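Trainee: here's my sequence, what's the structure:
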Amino acid sequence: MKFMKLGSRPDTFYTTEAVRSVSTEVSSDLIIQVKGYRYLLHKYPLLSKCLRLQRLCSESPNSSPQQIIQLPDFPGGVEAFETCAKFCYGITITVSAFNIVSIRCAAEYLQMTEEVEKGNLIYKIEVFFNSCILRGWKDSILALQSTKFLLLWCEDLGITSRCVDAVASKVLSNPIKANLSHSYSRGGRDDASLCNGAESHKHHRPVTRGWWAEDLAELGIDLYWRTMVAIKSGGKVPANLIGDALKIYASRWLPNVSKDGYINKQEAADPDSGSVGDVTSKHRFLLESIISLLPMEKGSASCSFLLKLLKAANILGASSASKMELARRVGFQLEEASVSDLLIPSLSCTKDTLYDVDIVMTILEHFMLQGQSPPTSPPRSKFGFERRRSRSAENVDFEFQEGRRSSSASHGSKLRVAKLIDRYLQEIARDANLPLSKMTAIAEAIPDFARIDHDDLYKAIDIFLKSHPDLNKSERKRLCRILDCKKLSMEACMHAAQNELLPLRIVVQVLFFEQARAAMAGGQVTELPSNIKALLANHEYNLSKHKPVSSGGTGATEDEWSVSGLKSPNSKSKLSTLRMKLAEEDNDIDVNFMNPDGTMKNSKFKAICSIPTRPKKMFSKLWASNRSVSERH
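Mentor: Okay, here's the model as predicted:
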């Protein structure tokens, strides 16, 4: 750290209670009052260097032997004034990054300019400030930090802007330079406050790029915002480094957001604020400032960090514009999120749900709006196969698809998001206050091609039905309409066949597709009946892709989803459950399947509804056949 010494005389100031005086043989003829302190000084050394004191002395009456001057608004307080007074007496003073700003403002107040005397304090301070303080990294930051106590003075004198420019220029000169300071070697602070996740480092971690952000994180939000704007405008710092710097700053100043999304009250407490409302307003302003600094480039900030900012925005009551900006950014990289990240608490008084489902729906919409690229998996032919194309044609098609996906969400990312959303649905489905409309809206937002299987979706539906026992028949049908039975695994089908909460139509479809799959795979049926062929063709269903699952194979981790669990004596209730469901009204057909004249809308539902002409007899045969196939395997 740089410092400068001025003067050569020893310090002769001494204190008696609230009175400061100079030890000298000459009696005091000037009393200056600053912030409750009285200084017994002499006119000659002070007036020879301070133009302001000259003017004040000439304007005030001089009837008493000691002239009294009051300086109630003196910048920097008694310490800055005393330093200036010692300079006038020639007493040795030390100027460093810690006190240079206050001394410079005090000298400006006293008008210690070159017009009064050559080599005056302002000149010396400016030379040292420009040649030493602004050239050092740590000194520049310390000086910048001290400007917050004298904001108006520092703005008028250009001190703040010069410090900001000095700090930004050092970062821009080499954004990955690692010798800017030594603060990062302090055991490696983890960013658990807001950003969570990283374990505490047991050893000093090596110096890494971007660690200058640790020193900048000590700045208040106003100065930090100005500095980061200057760094970003330089255009030389990579966006990911800017994102890392913002993450470090957020972990330093924003209160801890716990796993369930609530703020740690002890960390949110601020002794400088008078009330909880002041603390919340301060944190809200800080959060919105961080959001405004986020780089535009995709991936500049991790999806987990953005979602934690979104949780904090919900808790702190940030503006709708800030929330929408975060939702838009999260939507661009939603495939990186986890289910826990998406569980954003709903703290609105107008909503009874546990989680903010609307904001997740907005995120999902932004993700899907990245581009409407078609599925890149090869389309299935009507009969379960397609003609082999030449390799050159495949390459051309691949390049075309890659070009389309370059400006949109890739097919792989949509598959990952589909899995993510289905697991998210399982979590929010437990909320008894979650409306059916929101459940179905999120489920239907995923395109059909993105769901390779519907097992996770079926689990979500099952949880929702158990958590909402008051759903009527039409509501259960509406919920289950998003389920594609032919995309269920054998374990899911066996569970669905016993699920008394499902509508009858779903159970019929599950048993039909599972029986048809087992029959074709087991070789028991050489040729299917014409109505079944028509149904499979209408579904574009490729039986060759489904292999029978061995009864001894491993199924789902939960007992109720395992094959072994379903082979227990309770599995005998499967047929009785089906018979009970089939005992319902024979005319229990969804109105959405009917034309106005009472006829079926398409051949698919004609085929399904034509099966149970003698339901008990037919499905008892189907069930027996299914058992014989599973026993053989």
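Trainee: use CA for all of it now, contacts and neighbours both
Mentor: Fine.
Trainee: what bits of the protein have low per-residue confidence?
Mentor: Across the chain, the stretches falling below the confidence threshold (pLDDT under 70) are 62-63, 176-210, 257-277, 348-351, 371-409, 521-633.
Trainee: quick one, strands of it?
Mentor: Remark: strands assigned in the chain by DSSP state E are 3-6, 13-16, 19-22, 30-34, 37-41, 67-70, 93-96.
Trainee: just checking, what packs against the first one?
Mentor: To tie it back to what came earlier, the one meant is strand 3-6. Secondary structure elements in contact with strand 3-6, counted by 3 or more CA pairs under 8 Å, 6 or more residues apart in numbering; DSSP states H and E, are strand 93-96.
Trainee: in its sheet, what does the strand it packs on sit against?
Mentor: Next to strand 93-96 in the sheet, as set by DSSP bridges, lie strand 3-6 (antiparallel).
Trainee: quick one: contacts of the strand it pairs with?
Mentor: Residues from elsewhere that reach strand 3-6, judged by CA atoms under 8 Å, 6 or more residues apart in numbering: 87, 90-97, 128.
Trainee: still on that earlier bit, dump the strands of the chain into TSV; add distance to residue 115 and mean neighbour count as well.
Mentor: Putting the strands of the chain into TSV (distance: least, CA to CA, whole Å; neighbours: other CA atoms under 10 Å) gives the following:
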stretch	distance to residue 115	mean neighbour count
strand 3-6	20	14
strand 13-16	28	12
strand 19-22	27	17
strand 30-34	23	19
strand 37-41	23	21
strand 67-70	22	17
strand 93-96	22	17
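Trainee: I'd like these written out as TSV, with distance to residue 463 added.
Mentor: TSV is the format used below for the strands of the chain (distance: least, CA to CA, whole Å):
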stretch	distance to residue 463
strand 3-6	69
strand 13-16	77
strand 19-22	78
strand 30-34	72
strand 37-41	73
strand 67-70	77
strand 93-96	66
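Trainee: picking that back up, now, the most widely separated pair of the contacts of strand 3-6?
Mentor: Pairwise distances across the contacts of strand 3-6 peak at 21.2 Å for 90 and 97 (criterion: CA to CA).
Trainee: who's more crowded, the two?
Mentor: residue 97 (25 against 16; other CA atoms under 10 Å).
Trainee: for the more buried one, phi and psi?
Mentor: Residue 97 adopts backbone torsions of phi -60, psi -20, taken as degrees, to the nearest 10.
Trainee: please name the residues that touch the nearest residue to residue 455 once chain neighbours are set aside.
Mentor: When the adjacent residues along the chain are set aside, residue 455 lies closest to residue 488, with 5.5 Å between them (CA to CA, 6 or more residues apart in numbering). If a contact means CA under 8 Å, 6+ apart, then residue 488 has 453-455 as its contacts.
Trainee: what is the end-to-end distance of stretch 331-341?
Mentor: End-to-end distance for stretch 331-341: 13 Å, by CA to CA, to the nearest Å.
Trainee: okay, buried residues for that stretch please.
Mentor: Within stretch 331-341, the residues scored as buried using 16 or more other CA atoms under 10 Å are 331-339, 341.
Trainee: got it, and stretch 48-57?
Mentor: By neighbour count, with 16+ other CA under 10 Å as the criterion, the buried positions of stretch 48-57 are 49-54, 57.
Trainee: and stretch 83-94, by the same measure?
Mentor: Of the residues in stretch 83-94, 83-91, 93 count as buried by neighbour count, 16+ other CA under 10 Å.
Trainee: helices - which of those residues land there?
Mentor: 83-89 (DSSP state H).
Trainee: which among those gets closest to residue 430?
Mentor: Here the nearest of those to residue 430, counting by CA to CA, is residue 83; it sits at 68.0 Å.
Trainee: what sits against the closest one?
Mentor: Taking CA under 8 Å, 6+ apart as the definition of contact, the neighbours of residue 83 are 93, 103.
Trainee: let's see it at 7 Å
Mentor: residue 93 (CA atoms under 7 Å, 6 or more residues apart in numbering).
Trainee: now do residue 103
Mentor: Taking CA under 7 Å, 6+ apart as the definition of contact, the neighbours of residue 103 are residue 80.
Trainee: what count of nearby residues applies to residue 233?
Mentor: Around residue 233 sit 12 other residues, with neighbours defined as other CA under 10 Å.
Trainee: now swap in residue 474 and tell me
Mentor: Residue crowding around residue 474 was assessed by other CA under 10 Å; the count is 12.
Trainee: how near is it to residue 501?
Mentor: 12 Å.
Trainee: again with residue 495
Mentor: Residue 495 sits 11 Å away from residue 501 when distances are taken as CA to CA.
Trainee: residue 44 too?
Mentor: 98 Å.
Trainee: what do you get for residue 426?
Mentor: Taking CA to CA as the measure, residue 426 and residue 501 are separated by 16 Å.
Trainee: just want to know which of the two has more residues nearby.
Mentor: It is residue 426, of residue 426 and residue 501, that has more neighbours when counted by other CA under 10 Å, with 21 against 15.
Trainee: make sure the more buried one is actually in contact with residue 460.
Mentor: Yes - using CA atoms under 7 Å, residue 426 is in contact with residue 460, at 4.2 Å.
Trainee: return the member of the buried residues of stretch 48-57 nearest to residue 38.
Mentor: Relative to residue 38, the closest of the buried residues of stretch 48-57 is residue 53; by CA to CA it sits at 15.4 Å.
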